[in-house]
Structure formats: structure tokens, C-alpha cells
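>>> what shape does this take:
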Amino acid sequence: MKWTTANVKHPNYTAKHELFVGTHTGSFKHLVPASEDSPYGQRNLSNLHALDKDSRVTSLAFGDDAQTEILLGRAKNTAELHPLADGGGSKKIINFKAAPIVGLARFNDKLIAGIGNGEIQSLELASEEAAEPVVITTGTQMDHLRQCLQARNIVATGGKERQNNLKVYDLSSDGRQIFTSKNLPNDYLQLEVPVWDSDVGFVDGPSVLATCSRTGYVRLYDTRKQRRPVTCFASEEHGMSFATLVARGNYIYTGTTMGALKAFDTRRMKTHVHTYKGFTGGISDLHLDATGRYLSSASLDRYVRIHDADSTVLLYQCYVKSKVTKVLIRQVEEETPVNAEPTAEEVADPKKEKAIKATPLDDEYEDMFDQMPTVG
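Here you go, the predicted model:
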């Protein structure tokens, strides 16, 4: 499919998906690409009148494995819990002691937030009284906090400079640090290699992690082997500033601030293996569906997109009116169709074909053809 700025849905895209989108203005939207009537329709899940300049959505994640709850963090010290299941209750707001919130996780009825000042704060959700959060200091700055989906007691953090590099914590052991990465050896001038882990991600388990950097590298770590990266990619091109990533299986999908979305094979990290087209602005977030086949992306050009992760085909594109900062994709719960009861005539003769409704004729259209002279 060629590059276009129009709303697009590929005719072969038949998967039943829905998108949850957070924007730079603070709005939280719901889109259903699977809808036949309005695949580009948008519904606001937040009160637009209550938004201010600090309401920018900075974190968006599912709160459980069943994907029945969404954790939303903002540029201020406010986090929101949005239940998606029917009868799940109303939205809940939790206030932390610092801002901005750069990552959210839920473990043992506790809400864990990564703060931009380098702290991990934990609050009890069942407590009705305002309590002081439990604080874990990871460094002086944090860009992102990510929870492992296979082991929800494990979280990873990353930030700028060597003291804020990749770290892994075990929440079941009172936030004990179980891993900290080590930088590459000095370069040929014996200068320290710049470190900036702008995003971190787990690769199908708590032991293997991937990081990307605005300085132009993508690294893969195995906590069971060594502290330094087991393999890495270093860009020699200008403008290869990686802002976000998502990993699954043998592939790491990365988005840059210049609007390039690339996929790397962890078995051969010398160069990328896929390039996904259609972007005109920096990529701010990536998310894979449960099957790993569909890759959703959020871009600062105000579009959300869904690509086929294997064939790189653009399957869906929708304009959402605001700069998109975060996106989530999940499978739509299919409703069981209600079958109409057969009539007595159908029961008596089940092989009888149903009458096909004829399209009503347009008299004016038919009369035009009747008045045409015969040629030849």
C-alpha cells in the first residue's frame, strides 16, 4: 500500500482488534478497527474539560493478563485505573508524590509507578486513606519502567547516563535489585561510550531484555550470562535516534524520532531485517497484539497505525486529531450471534432456497437507456 494521509483499512485486514490511544493533550480514546460500520470512529474515555497542560499521557499498560484493566499515567503525579470488563466498576484515580509517571505496573494489589526523577513508588490499591508510598531509588533520572508479562513481580528501568542504565528489580522481595547492566568497553580514544536507555523491554521472559537509545544503539542482555550486552546494533547514520521498542520471539521492533520503524533479528544484529513505511512524524510508542502478528504504533503525526509484523504491509491507519503518545491493542471479545428460529416452511423443506431480494429499479435511469438510439 502506498503512502497516504487518508484513513485507510486494508481489504485483507479482517482481525478483530480494538485500540486504546493516549495523546499529548491528555485525551484517552477508544477505536475499533474491526467495526464494519465505523472503523475510524473514536470515543473519548476521559473528561476533556478536566484536562490541562500537564495531562499528557506518558504511560499506558494493561493491568492484568486478561487485559481487563488499563493503567494510565500522566505527566503530573496522577495515575488512573480504567476497568474494561462489564461491571468492573468506575475509573479510579491514584496520586503519587512526584511526576512525571513514565511507567506503571500492578502486582499483588499494589500499583507501582516509575517516576522521572529515578524513583519507583508503590501504593496499596485497597487502602482508602492517603498513605505514603514505598520508594525505591534507582538513580537520578528514569525514561521508562516496564513490567515483565511472564513474571509480573519483575520490573525493569532505564534512563540517561551510566548511573541510570538498565536495572531489574524483584517486587516480591521488597524491590530487591537483581540485575544492573554494564556499559561497553571504552572506545579507541579510551572515552566512555554514551549510555541512554530510552526504552526497555522483556523478550519472552524475565531473563532476556532489550534496550534502545536516542544515541543510536539497540542492545540485547541476558541476565543469566553477563552484565554487558550479548549482542548489539550501533547505528552509524545520523538521525537514528531510537525512542521506543517492543520485543517478541527473535525480533525487536524499534521506532525512531525521525519516523522510521525497523525490525531487528536478535540472531543477526548487524542490520535491520524489516522497514515499515507510512510515517511522517516521530514514533512515540509500539505495541504487539497477543499473537505477535499485528504491530500497532503511535506517531507524532497524529496517526495510529497497524502493520503486519511479517509482511510489513500497512493494514490500518486512522487520524486521531492530536499527537499520539501511547497505544495499546487487544482482541475484541466476540459476541455469540443469536440465531433466528427456523420457520415452519423451512423446517418442512430445509433445501428450499431463500428468495433473493431484487434491487429496486430506477425508472429515470432505465428510461435514459430506452431513449438511446441503436448503433450499427
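>>> list the contacts of the residue nearest the centre of the chain.
Against the mean C-alpha coordinate of the chain, by C-alpha atoms, centre = their mean, the closest residue is residue 287 at 3.1 Å. Under the criterion of C-beta atoms under 8 Å, 6 or more residues apart in numbering, the contact list for residue 287 reads 246, 295, 296, 297, 327, 328, 329. Just so you know, the C-beta spots here come from the backbone N, C-alpha and C atoms, and that holds for glycine as well.
>>> can you list those residues in CSV and add distance to residue 44, secondary structure and neighbour count?
Converted to CSV, those look like this (distance: C-beta to C-beta, whole Å; DSSP: H, G, I helix; E, B strand; the rest coil; neighbours: other C-beta atoms under 10 Å):
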residue, distance to residue 44, secondary structure, neighbour count
246, 26, strand, 24
295, 25, strand, 27
296, 19, strand, 25
297, 21, strand, 26
327, 15, strand, 26
328, 16, strand, 20
329, 18, strand, 25
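>>> which residues does residue 136 form beta bridges with?
When bridges are assigned using DSSP bridges, the partners listed for residue 136 are residue 120.
>>> what packs against the host helix or strand of residue 211?
For residue 211, the element it lies in under DSSP states H and E is strand 208-212. The contact analysis (3 or more C-beta pairs under 8 Å, 6 or more residues apart in numbering; DSSP states H and E) places strand 208-212 against strand 199-202, strand 217-222, strand 242-248, strand 251-256.
>>> pipe these into a markdown table and attach mean pLDDT per row.
Below are the helices and strands packed on strand 208-212 laid out as a markdown table (pLDDT from 0 to 100):
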| stretch | mean pLDDT |
| --- | --- |
| strand 199-202 | 97 |
| strand 217-222 | 96 |
| strand 242-248 | 95 |
| strand 251-256 | 96 |
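>>> looking at those strands, which is closest to residue 146?
Nearest of these to residue 146, taken as C-beta to C-beta: strand 199-202 at 5.1 Å.
>>> related to what we said a few turns ago, farthest pair in the contacts of residue 287?
Spatially, the most separated pair among the contacts of residue 287 is 295 and 328, at 12.5 Å (C-beta to C-beta).
>>> which residues does the residue nearest to the centre of the chain bridge with?
With DSSP bridges applied, the residues forming beta bridges to residue 287 are residue 296.
>>> before we move on, what about residue 233?
For residue 233, the beta-bridge partners under DSSP bridges are residue 218.
>>> what is the burial count for it?
Counted with other C-beta atoms under 10 Å, the neighbours of residue 233 add up to 23.
>>> show me the contacts for it.
If a contact means C-beta under 8 Å, 6+ apart, then residue 233 has 217, 218, 219, 264, 269, 270, 271, 272 as its contacts.
>>> on that earlier part again, between the contacts of residue 287, which is nearest residue 229?
Closest to residue 229, out of all of the contacts of residue 287 and judged by C-beta to C-beta, is residue 246, at 18.2 Å.
>>> contacts only, for the closest one.
Shown in contact with residue 246 (C-beta under 8 Å, 6+ apart): 201, 252, 253, 286, 287, 288, 295.
>>> now residue 292. Nearest residue, chain neighbours left out?
Beyond its immediate neighbours in the sequence, the residue positioned closest to residue 292 (C-beta to C-beta, 6 or more residues apart in numbering) is residue 248, lying 4.7 Å away.
>>> got the contact list for that neighbour?
Listed by C-beta under 8 Å, 6+ apart, the contact set of residue 248 reads 203, 204, 288, 292.
>>> let's have those residues in CSV, adding pLDDT and distance to residue 24.
Compiled in CSV, the contacts of residue 248 are given as follows (pLDDT from 0 to 100; distance: C-beta to C-beta, whole Å):
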residue, pLDDT, distance to residue 24
203, 95, 29
204, 90, 32
288, 97, 23
292, 94, 28
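>>> can I get those in CSV with neighbour count and distance to residue 162?
Supplementary listing: the contacts of residue 248 in CSV, determined by neighbours: other C-beta atoms under 10 Å; distance: C-beta to C-beta, whole Å:
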residue, neighbour count, distance to residue 162
203, 21, 23
204, 14, 28
288, 18, 30
292, 14, 33
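>>> the helices and strands packed on strand 208-212: which one's closest to residue 11?
Residue 11 lies closest to strand 251-256 among these, at 24.4 Å (C-beta to C-beta).
>>> circling back: now the strand holding residue 211: how far from the chain's centre is it?
From the chain centre to the centre of strand 208-212 is a distance of 16 Å (C-alpha atoms, centre = their mean, to the nearest Å).
>>> please name the strands paired to it in the sheet, noting orientation.
Under the criterion DSSP bridges, the sheet neighbours of strand 208-212 are strand 199-202 (antiparallel), strand 217-222 (antiparallel).
>>> fine by me, thanks again.
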